[in-house]
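Asker: Sequence and predicted structure are below.
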Amino acid sequence: MLDRDLAADILRAARARGGAFAELYVEERLGVSVHLDDGKVEEVTTGLDRGAGVRVGHGTSFGYAYSNRLDREALLQAAEAAAASVDEGGPGSVVDLRELEPPVIHAAQIDASSIPTEQKVAWVREADEAARALGPEIVQVTASYGDSVQRVLVAASDGRWVEELRPRVRLSVNAVAARDGNIQTGFHGPAGLAGTELIDANPPAATAEVAARRAITMLDAAPAPAGETAVVLAPGMGGVLFHEAVGHPLEADIVDKEASVYRGRIGEKLASEILNGVDDATVPNAWGSFSFDDEGAPAQRTPMFEDGVLLGWLYDRLRAEKDGVESSGNGRRQSYAHPPIPRMTNTYILNGSSTPEQIVADTQRGVFVTALAGGQTNPATGDFVFGCAEAYLIDKGELTTPVRGANLIGRAIEVMSSVDAIAADFDIWPGICGKDGQGVPVGSGSPTVRISRMTVGGTGA
Amino acid sequence: MELCLAAAEAAEGDEQVEAFAEERSTTSVDAHRGEVEGLTFAESRGVGVRVISDGRLGFAHAADPSIDELREAVGRARANAAVASPDPFNALPAVESVEPIEGLFSETLAGMKTDEKVPIALDMERMATTTDPRVRKTESVRYGDAVGSVAIASSRGVRAEYRATGCWCVVVTLAEQDDDTQTGFSYRIARSIDELDQSSVVGEAVERAARMLGAVKPETAKVPVVLDPVAASAFLGVLSDGLSADAVQKQRSLFGPLVGEQVGSGNLTIVDDGRLLDGPGASPFDGEGVPTGRHELVTAGVLNGFLHNTYTALRGETRSTGNAVRGYRSTPGVGTTNLFVEPGDRSLEQLLREAEGGVLVQDVSGVHSGANPVSGEFSVGATGLRISGGAPGEPVREMTIASTIPEMLQSVWALGSELRWFSSVGVPYILLREMTLAGV
């Protein structure tokens, strides 16, 4: 995308006034999206985005400038603007740029750009029809297909030069079911750092049926009872909870700002001894994976908890240099228009030794959660609240009626310490994680997980 | 503009082609603990192309395209249109004459160097941490500005362009005393740097944090409420979604069936005016090249109508109000330009005297997640000050206000005389006759 001599010139201009390092990030993204709403293919769009960001770091401060022009003049102007935040008198050096080998490559088997748009339109129509075929209760369906290929180049004054191609595909369905004035929605959306083999493995009709069935099921739901009870989280959902309530407070910028409940507690047992958790960007073709992070650090598997003991933080470059450690490869950004910050990739609770059948059978009374809705967490205190999009009551070891309006309320350390059973039926849940106004693709994953006691908020008796 | 024209001229046969180009450079400087915490400078330009053929809409966009890449984008949009569903209301607007607006662009701001902007943020941070002994820290101090231009051309003959500037500052202070910490938010926005009052934004942020120290949870009471413009703007933001014809046509607006009816008290007039120079959202034409204008959506409490773009106007058999809102990366939606509550005749002192025994609400939280845009029901957290002796007194927090948007609009009793802008929403102080504030 850019030749090495030009990149070196830009890095030198960025270091004209000193600073700890200079970095250039160049990105090009070509994407197609198809959106179906109300039975109509409302919008078919194609977008070409590209641009470059120049960063000058010093301490935990930085200057950042970006442009979507890639000519020498625009890039030098950006470098100069980024340099305006430092003034150490003299210029800093730029080491010769050398290409780094990727630790893992996530290639597409079927390149999405080789598939005609007509086929992509047919996929969303198939999803629409399959959802509506499930019953007259389905009154509205939106289905979206999107693919993109992101080309990334990172060059930095320490000599790193990395290039990567990231293909992404997602097809998601939102179904609305109605009966007697009661309205419920259901969502499902498989996604991967992959080509359209993802759609072959997750046919649109099957995705639509999951979403539509979820909406219809919830029509029969009774108000959730409030109070303390056991909670069983279906495969994937434990990962969503782990990401929000535990993962965010382990991000090094939050720790640095003294806003993490885990601050100063590495090496302590802060979760159940059966709990092992990792953040892993090397999982082949997973939605949150990459070869290098957006600062050019190689993808890695970072242990977060081992037998319930907290092992460490998720680092980007600025925070790692401040703490005198290596980056854990968690420096990510939404696009060239955003400076990188510590972010999760694929955040997983690892398999345990129970079976899901046994976990439910061993639960006298509880709530079984098959889909979580949005949540809020306060990383400083660990307090969180999650809504449940689909949940059932467990009575004497059996799943019974669906319940709606259930909220899971708790504190990260207490809840993770109350995990008393983990199965071996691992599954993932792809999503877009938002932080400081930047959205990045992340995977959350877990097997079936039981929390012995936690507070469920609800309106029923 | 040349690129837009080239795209418009690429129309084939009966198809309609439109190109919308945007160029923008923005700077923001964050200051923390006496240093520049972050400095971001951004330049972007791009073109979005719509092709409409037999009622089918296709779209493509490209960042900083060459003339060849732009032609490719037209080809992609055309190919996308071929596979979309036909919709008889997809159409580009015809040409209408556009009056330029004087004063949208400040040469002074456009000519400022980054080096001159850094001290603005640093000075604000220093003032914010040195005026009151209880306020020694800030959560966020930011100066930001933008210089931009927009051009549009279509095969139906639309040709228009304009330039605009804007600058703003945000200060959030932390006040600490004993074990108590309170935050104070303040914001200002202007066209040019000489109109941006930095000392008043800092003073206000310091005062708002300090006066909340020692706040207690009050007893539940039904009392008069004065909404500070910060709090009032959050409610107006929620309301604005329901005033778009798109929301009405998709049955997502509580105002849908209420045209011609009394939806608020006789003191309430709500206007969207895209030509109001004082408002940050002013522009001579909208995202489709349709001239903007003044539209009274609610007059003395009576709902007159909704905001339209060309699509919703055709579907609703009316005229576009010039409210197509977009960037080059997306097709035009419906949105507000400068949405404001018409100010009244009261000073703050008068409003406080009329609200004796009530509460001045300075912040509300969770309005967007806590308000149901369809039913209008909401439950939000609030903080503020008790009003006693015609002045703000004891701070109170952890209150919740649960009501509905229609009830709130009916209870508007009197309005302050000065309009304050938050992004593109403008509000004065608003006195509500009676609200239930739930505490202990």
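Answerer: Looks like it came in fine.

Asker: interface residues of the stretch 51-200 of chain A facing chain B?
Answerer: Contacts of the stretch 51-200 of chain A with chain B, taken as CB under 8 Å from any CB of the partner chain, map to A:51, A:61-70, A:74, A:77-78, A:81-82, A:84-85, A:117-118, A:121. (Each C-beta comes from the backbone N, C-alpha and C, glycine too.)

Asker: can you pull the buried residues of stretch A:339-353?
Answerer: Neighbour-count burial for stretch A:339-353 flags A:339-352 (criterion: 16 or more other CB atoms under 10 Å in any protein chain shown).

Asker: of those residues, closest to chain B?
Answerer: Nearest to chain B among the buried residues of stretch A:339-353 is residue A:339, at 7.0 Å by CB to the nearest CB.

Asker: ok, for that closest one, nearest residue in space, not its chain neighbours?
Answerer: Nearest non-adjacent residue to residue A:339, counting by CB to CB, 6 or more residues apart in numbering or on different chains: residue A:64, 4.3 Å away.

Asker: And residue A:261, by the same measure?
Answerer: residue A:382 (3.9 Å).

Asker: How about residue A:12?
Answerer: Excluding its sequence neighbours, the residue lying closest to residue A:12 (CB to CB, 6+ apart) is residue A:94, at 5.1 Å.

Asker: in what helix or strand does the one you found lie?
Answerer: Under DSSP states H and E, no helix or strand contains residue A:94.

Asker: Give me the distance between it and residue A:79.
Answerer: Residue A:94 sits 11 Å away from residue A:79, going by CB to CB, to the nearest Å.

Asker: The two: which is more packed in?
Answerer: Per other CB atoms under 10 Å in any protein chain shown, whichever of residue A:94 and residue A:79 has more neighbours is residue A:79, with 25 against 22.

Asker: Would you double-check that that one falls in a helix?
Answerer: Yes - secondary structure assignment (DSSP: H, G, I helix; E, B strand; the rest coil) places residue A:79 inside a helix.

Asker: can I assume it is in contact with residue A:53?
Answerer: No - judged on CB atoms under 8 Å, residue A:79 makes no contact with residue A:53 at a distance of 10.5 Å.

Asker: which residues do those two both contact?
Answerer: Any residue near both residue A:79 and residue A:53 by CB atoms under 8 Å, 6 or more residues apart in numbering or on different chains counts here, and that gives residue A:65.

Asker: all strands for the stretch 51-200 of chain B, in order.
Answerer: Listed in chain order, the strands of the stretch 51-200 of chain B (DSSP state E, counting those that start in this stretch) span B:56-63, B:135-154, B:159-177, B:180-190.

Asker: Out of the ones you listed, which is closest to residue A:187?
Answerer: strand B:56-63 (24.8 Å; CB to CB).

Asker: quick one: residue A:211 and residue A:186, what's the gap?
Answerer: On the measure of CB to CB, residue A:211 and residue A:186 end up 4 Å apart.

Asker: neighbour-wise, which of the two wins?
Answerer: Using other CB under 10 Å as the criterion, residue A:211 and residue A:186 rank with residue A:211 on top: 29 against 25.

Asker: Does residue A:290 belong to a helix, a strand or coil?
Answerer: Per three-state DSSP, the local secondary structure of residue A:290 is coil.

Asker: again, but for residue A:322
Answerer: Criterion first, three-state DSSP; result for residue A:322: helix.

Asker: Show the pLDDT at it.
Answerer: pLDDT, residue A:322: 90.

Asker: does it really touch residue A:60, like I thought?
Answerer: Yes - judged on CB under 8 Å, residue A:322 makes contact with residue A:60 at a distance of 5.7 Å.

Asker: For those two, indicate the residue with more neighbours.
Answerer: Comparing residue A:322 with residue A:60 by other CB under 10 Å, the one with more neighbours is residue A:60, at 17 against 14.
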